[in-house]
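Peer 1: Just to be clear, the model below is a prediction. Sequence and coordinates:
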Amino acid sequence: GVGYSQDLASSAGVYGLTVATAQKYTSGSWDSIRQAMVNIKQANVRVIVCIAFSSDMDAILQLSEEVGTSGRGWVWLTGDAISDPNFVMETSTNAARASHQLQGWIQIQPSAFAGNKGPKFQDAWFSEPTANLNNSLLAPFTKSVRLQDTPCPEICGFAYDAVWAAAIA
């Protein structure tokens, strides 16, 4: 989908930033990913916000190197656990190459306890009796958990909206 990129573009505008291009690709399609990289390069931007599936990370890294949208002078901002450089290297078919390709990548994860709202977040977490969790990316499941028995997460690995808000700020 394009929901995250549209939300990012709207939020960026509030802070006087402009999203030069938003490129959607078809997951699993190297041709589609390559075309997105070509379009990014033609847009003459140097900072890329990347929202991707873990299954596409090898293609994104290899094609960004091939097309010339990585390396010196390029910055990639990512905001989820699947684009964490450590995760990418652990799951890559070529960890040494991935390490080289990840130069310039900055992963951002918001801390739920930062600032004066941290205690409020923690109080709200423990005040809710249960929550439904769905993780279809790493291990498909949906289950209900008792939050009062679950540690409050200090880092939000999949909180996209919070990550992009932090990145823009």
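Peer 2: Cool, the structure landed.
Peer 1: part of a helix, is residue 60?
Peer 2: Yes. With DSSP: H, G, I helix; E, B strand; the rest coil as the criterion, residue 60 is part of a helix.
Peer 1: residues in contact with it?
Peer 2: Each residue near residue 60 by Cβ atoms under 8 Å, 6 or more residues apart in numbering is listed here: 33, 37, 50, 52. Where you see a C-beta, it was placed from the backbone N, CA and C, and this is true even at glycine.
Peer 1: Mind doing that once more with 10 Å?
Peer 2: Residues in contact with residue 60 (Cβ atoms under 10 Å, 6 or more residues apart in numbering) are 25, 30, 33-34, 36-37, 48, 50, 52-53, 69-70, 76, 83, 88, 101.
Peer 1: Give me the buried subset of those.
Peer 2: 25, 33-34, 36-37, 48, 50, 52, 69-70, 76, 83, 88, 101 (16 or more other Cβ atoms under 10 Å).
Peer 1: Take those residues and keep only those in helices.
Peer 2: 33-34, 36-37, 88, 101 (DSSP state H).
Peer 1: closest to residue 11 among those?
Peer 2: residue 36 (21.2 Å; Cβ to Cβ).
Peer 1: Thought residue 26 was touching the closest one, still the case?
Peer 2: Yes. Counting by Cβ atoms under 10 Å, residue 26 is a contact partner of residue 36 at 9.3 Å.
Peer 1: that older thread, tell me which of the contacts of residue 60 has the lowest pLDDT.
Peer 2: Across the contacts of residue 60, the smallest pLDDT goes to residue 83, namely 69.
Peer 1: how about low-confidence regions in the chain?
Peer 2: Scanning the chain for pLDDT under 70 picks out the ranges 1-3, 80-83, 109-114, 117, 121, 125, 128-169.
Peer 1: got the residue ranges for the helices in it?
Peer 2: Using DSSP H, the helices of the chain run over 3-14, 30-42, 57-67, 85-91, 95-101, 118-127, 160-168.
Peer 1: ok, and for the first one, which residues are buried?
Peer 2: Think helix 3-14. 4-5, 8-9, 11-12.
Peer 1: export those to CSV and tack on distance to residue 41?
Peer 2: What follows is the buried residues of helix 3-14, written out as CSV (distance: Cβ to Cβ, whole Å):
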residue, distance to residue 41
4, 21
5, 18
8, 20
9, 19
11, 25
12, 20
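Peer 1: Tell me the one of the residues you listed nearest residue 95?
Peer 2: residue 4 (27.7 Å).
Peer 1: hang on, the earlier thing: with respect to residue 122, which of the buried ones among the contacts of residue 60 is nearest?
Peer 2: Nearest member of the buried ones among the contacts of residue 60 to residue 122, counting by Cβ to Cβ, is residue 83, at 26.8 Å.
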